[in-house]
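Provided below for reference: sequence and predicted model.
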There are 2 protein chains.
Amino acid sequence: MSLEAVEAGADKAAAKSRGLQEIEEADAVFGALAHPLRRQILLSVHFRGEARAGEIARRFDCSWPTTSRHLATLVESGLLSVERQGRERLYRANDELLVSLFERWLGYLR
Amino acid sequence: MSLEAVEAGADKAAAKSRGLQEIEEADAVFGALAHPLRRQILLSVHFRGEARAGEIARRFDCSWPTTSRHLATLVESGLLSVERQGRERLYRANDELLVSLFERWLGYLR
DNA sequence: TAAAAAATTAGCCAACTTGCTAACTAATTC
DNA sequence: GAATTAGTTAGCAAGTTGGCTAATTTTTTA
């Protein structure tokens, strides 16, 4: 990553040729991480290995529909994946996405 | 970091005893990183070593006052520092903050 | 098959964000 | 000291976010 690359990134057309996908991914992921409850949910699912929506909604101080929306945001960002099992849904953390993003940034920074 | 710690984090009082400061820092930093232009500005300053507001405002496709506000957000989050020099202001990236945050998260994740 | 359970979707509203232009402040130069 | 330069602050409009309750969907159980 170079200075030129960063600043060219302001130009969407230029970005497309290199890594628009990467940029959009970063946007979704950093956007998802911007809410404290979403960070907590994400780590909670990570440490549990997997979790159902109800478990999470019960655990945090927030209505179930609100939790549901945060879960949807996390899924859309790619940070969580979801699998339907009957009437339940099992959420799992996609650690690799976050690890690769943070490692990429650490690479930029030193 | 443990599952218990994550979920106790929902409780601000409990958090205070351990690391409210860390949580508030994360909030400011992830909040600042949530905007694509702020991420670009941050990396741009990082790669330049330092930069004046005008340089940045000129370089990105955005009015100067808008840039100025993004800069203020970055400074408030701790990701940039600023030093007045006469009528100019020199911004510098505080790499250490981001490195330590990302390393902490990488620590959680594996 | 009716009731219960798990979860999302819909709809509303208040609060925040982000962009702009115009106005302002402070330092420098002529 | 008047004009210029660097930059922020104020104020506003448009859009987004995030919370809630109520309604709906889908599956399971009695």
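Cool, got the structure. Residues are numbered from 1 along each chain as shown, chains lettered A, B, ... in the order given.

quick one: residues contacting residue A:56.
With contact taken as CB atoms under 8 Å, 6 or more residues apart in numbering or on different chains, residue A:56 is in contact with A:41, A:44, A:45, A:67, A:71, A:91. The way it works is simple: take the backbone N, C-alpha and C, and place the C-beta from them, glycine included.

so it is in which element?
For residue A:56, the element it lies in under DSSP states H and E is helix A:53-59.

any idea which helix or strand comes after the least confident helix or strand in chain A by mean pLDDT?
Counting by mean pLDDT, DSSP states H and E, chain A has its least confident helix or strand at helix A:12-18, which shows a mean of 48. Using DSSP H and E, the helix or strand that follows helix A:12-18 towards the C-terminus is helix A:20-33.

and the very next helix or strand once past that next one, anywhere near chain B?
Note on helix A:20-33: by DSSP H and E, the next helix or strand toward the C-terminus is helix A:36-48. Yes - Helix A:36-48 is in contact with chain B by CB under 8 Å from any CB of the partner chain, via A:36, A:37, A:39, A:40, A:43, A:44, A:46, A:47, A:48.

same check, this time on stretch A:81-90
No - using CB under 8 Å from any CB, stretch A:81-90 stays clear of chain B, coming no nearer than 15.3 Å.

the spatially most central residue of chain A: what's it in contact with?
In chain A, the residue lying closest to the centroid (CA atoms, centre = their mean) is residue A:79, at 3.4 Å. Residue A:79 makes contact with A:29, A:32, A:33, A:42, A:93, A:94, A:97, A:98, according to CB under 8 Å, 6+ apart.

again, 6 Å this time
Neighbour list for residue A:79: A:32, A:42, A:94 [criterion: CB atoms under 6 Å, 6 or more residues apart in numbering or on different chains].

ditto for residue A:70
Residue A:70 makes contact with A:37, A:38, A:41 under the criterion CB under 6 Å, 6+ apart.

highest neighbour count among those?
residue A:41 (31 neighbours; other CB atoms under 10 Å in any protein chain shown).

OK, contacts around that one?
Residue A:41 neighbours (CB under 6 Å, 6+ apart): A:56, A:70.

go again with 10 Å.
Shown in contact with residue A:41 (CB atoms under 10 Å, 6 or more residues apart in numbering or on different chains): A:32, A:35, A:51, A:53, A:56-57, A:59-60, A:62, A:67, A:70-71, A:73-74, A:79-80, A:91, A:93, B:6-7, B:10.

and for residue A:65?
Residues in contact with residue A:65 (CB under 10 Å, 6+ apart) are residue A:57.

quick one, the strand or helix carrying it and helix A:20-33 angle?
Assessed by DSSP H and E, residue A:65 sits inside helix A:64-77. Going by axes from the mean of the first three to the mean of the last three CA atoms, to 10 degrees, helix A:64-77 is angled at 160 degrees with respect to helix A:20-33.

so what does the helix or strand following helix A:64-77 touch, helix or strand wise?
Per DSSP H and E, helix A:64-77 leads on to strand A:80-85 as the next helix or strand towards the C-terminus. Contacts defined by 3 or more CB pairs under 10 Å, 6 or more residues apart in numbering or on different chains; DSSP states H and E place strand A:80-85 against helix A:36-48, helix A:64-77, strand A:88-93.
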